[in-house]
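Student: Sequence first, then the predicted structure:
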Amino acid sequence: MEIKVLKDILGANEQIARKNHALLEQHGIFAVNIMASPGAGKTSLVLQTIKTLRSKLKVGVIEGDIASTVDAELVGKEGVPVVQINTGGECHLDANMIQNALNNLPLKSIELLLIENVGNLVCPAEFNLGEHMKALVASVPEGDDKPFKYPLMFTTVDAVIINKTDLLPYVKFNLEAFTKAIKAINAKVEIFPVSCTTGEGVQKWAEWLFARMRPAAAG
Ligand code: MG
Ligand code: ZN
């Protein structure tokens, strides 16, 4: 019974996600669904990505949180269009929320849409939003056992950004073992060690993202 309900929910979500995708394509927008546990640095990565790519293309942002507009205010200071979604308790974004957010964004003025999901490594992995790419922000203080505990998340994403590498000397985190564990469950994934604090590694992530979105922008 419960399984059937979940299937119906995901089925309905998938239909709206397809509509979102079509709308994004129509406007030549490349959308990235950024997921992570709370505090891993999703907003910091969004800010760094804006700073690195803003000279090359027009960026827009959707901020997802259970409550508050703190992140949207931060991103808004960068002068890019941003919409805050408050899920009111829901622990993930769904396609319907994104559909509403897209209705409130100047789609003609956006080429790259960064969607910051709710901080949670479980259900965000199950809900397609209509995005072109899924990225996960992992962080050094969280420990290197996450791929074993949240396999669905790690198999779903196209890229893993390992944030807070500036803390590596102070925290027990084996970067090599972590990378190996991710590759074992998702051989195609791209991995980017970065520090959003020092900026190290951000350029490499941004350049890869830019290269990834070009075909969509051209088509
Ligand atoms: Mg945030
Ligand atoms: Zn959820």
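Tutor: That came through, no problem. Ligands and ions are numbered 1, 2, ... in the order given.
Student: For the residue positioned nearest the centre of the chain, which phi and psi angles does the backbone take?
Tutor: For the chain, the residue nearest the mean C-alpha position is residue 34 (0.7 Å; C-alpha atoms, centre = their mean). Backbone torsions of residue 34, given as degrees, to the nearest 10, read phi -100, psi 120.
Student: so who does it touch?
Tutor: With contact taken as C-beta atoms under 8 Å, 6 or more residues apart in numbering, residue 34 is in contact with 42, 45-46, 114-117, 135-137. C-betas here are computed from N, CA, C, even on glycine.
Student: Dump the one helix or strand in the chain whose mean pLDDT sits lowest to PDB, restricted to CA.
Tutor: When each helix and strand of the chain is scored by mean pLDDT, DSSP states H and E, helix 202-218 comes last, with a mean of 85. Extracted in PDB, the C-alpha atoms of helix 202-218 (Å, rounded to 0.1, in the frame of the first residue of the first chain):
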ATOM      1  CA  VAL A 202      36.600  25.900  -7.900                       C
ATOM      2  CA  GLN A 203      37.900  26.900 -11.300                       C
ATOM      3  CA  LYS A 204      38.300  23.300 -12.400                       C
ATOM      4  CA  TRP A 205      34.700  22.500 -11.400                       C
ATOM      5  CA  ALA A 206      33.400  25.600 -13.100                       C
ATOM      6  CA  GLU A 207      35.200  24.900 -16.300                       C
ATOM      7  CA  TRP A 208      34.000  21.300 -16.400                       C
ATOM      8  CA  LEU A 209      30.400  22.500 -15.800                       C
ATOM      9  CA  PHE A 210      30.700  25.100 -18.500                       C
ATOM     10  CA  ALA A 211      31.900  22.500 -21.000                       C
ATOM     11  CA  ARG A 212      29.100  20.200 -20.000                       C
ATOM     12  CA  MET A 213      26.400  22.800 -20.700                       C
ATOM     13  CA  ARG A 214      27.600  23.900 -24.000                       C
ATOM     14  CA  PRO A 215      25.900  21.200 -26.100                       C
ATOM     15  CA  ALA A 216      22.600  22.100 -24.500                       C
ATOM     16  CA  ALA A 217      23.200  25.800 -25.000                       C
ATOM     17  CA  ALA A 218      24.000  25.200 -28.700                       C
END
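Student: What lies in contact with the helix or strand encompassing residue 180?
Tutor: Taking DSSP states H and E as the criterion, the element that holds residue 180 is helix 175-185. Here helix 175-185 makes contact (C-beta under 8 Å, 6+ apart) with 138, 144, 146-148, 151, 154-155, 160, 162, 165, 168, 189, 191, 193.
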